[in-house]
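Engineer: heads up, no residue letters with this:
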């Protein structure tokens with residue numbers, strides 16, 4: 001869950017850099033791909049979602065101990 005939280009924080013705080021990094025991994029020629037401007041808020045939304053999931057899991061683990 002810590003990795004999910006880290007990915008969420010990156011997506012939330014630096015979404016353009018996260019997108020650029022992901023494009024370099026996923027596409028052979030990432031410079032030819034054009035994204036819509038509304039993708040950045042979507043990436044931030046996923047970042048918030050990932051952070052909430054990770055924080056919930058940490059909270060649940062602390063209750064078990």
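Structural biologist: That came through, no problem. None of these values were measured; they are calculated from a predicted model.

Engineer: point to the residue nearest the middle of this structure.
Structural biologist: By Cα atoms, centre = their mean, the chain has its centre lying nearest to residue 11, at 3.5 Å.

Engineer: list the contacts of that one.
Structural biologist: Contact analysis of residue 11 by Cβ atoms under 8 Å, 6 or more residues apart in numbering lists 18, 43-44, 46-47, 50. The way it works is simple: take the backbone N, C-alpha and C, and place the C-beta from them, glycine included.

Engineer: between those, which sits nearest residue 56?
Structural biologist: Comparing those against residue 56 with Cβ to Cβ picks out residue 50 as the nearest, at 10.8 Å.

Engineer: next secondary structure after the helix or strand hosting the residue nearest to the centre of the chain?
Structural biologist: Taking DSSP states H and E as the definition, residue 11 sits inside helix 2-13. Next along the chain after helix 2-13, taking DSSP H and E as the criterion, comes helix 15-26.

Engineer: and the next helix or strand past that next one?
Structural biologist: Of the helices and strands lying after helix 15-26 in sequence (DSSP H and E), the nearest is helix 39-64.

Engineer: that following helix: which residues count as buried?
Structural biologist: Residues of helix 39-64 classed as buried: 43-44, 46-47, 50-51, 54 (neighbour count, 16 or more other Cβ atoms under 10 Å).

Engineer: also stretch 14-27?
Structural biologist: If you call a residue buried by 16+ other Cβ under 10 Å, then stretch 14-27 has these buried ones: 15, 18-19.

Engineer: for stretch 3-15, same thing?
Structural biologist: Within stretch 3-15, the residues scored as buried using 16+ other Cβ under 10 Å are 5, 7-12, 15.

Engineer: out of the residues you listed, the closest to residue 23 would be?
Structural biologist: Nearest to residue 23 among these: residue 15, at 12.3 Å, using Cβ to Cβ.

Engineer: tell me the pLDDT at the closest one?
Structural biologist: Each residue has a pLDDT score; the one for residue 15 is 95.

Engineer: isn't it up against residue 44?
Structural biologist: Yes: the pair residue 15 and residue 44 qualifies as a contact (Cβ atoms under 8 Å) at a distance of 5.3 Å.

Engineer: picking up where we left off before, and the buried residues of helix 39-64 as CSV, adding pLDDT?
Structural biologist: Output for these, formatted as CSV (pLDDT from 0 to 100):
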residue, pLDDT
43, 96
44, 97
46, 96
47, 96
50, 96
51, 96
54, 94
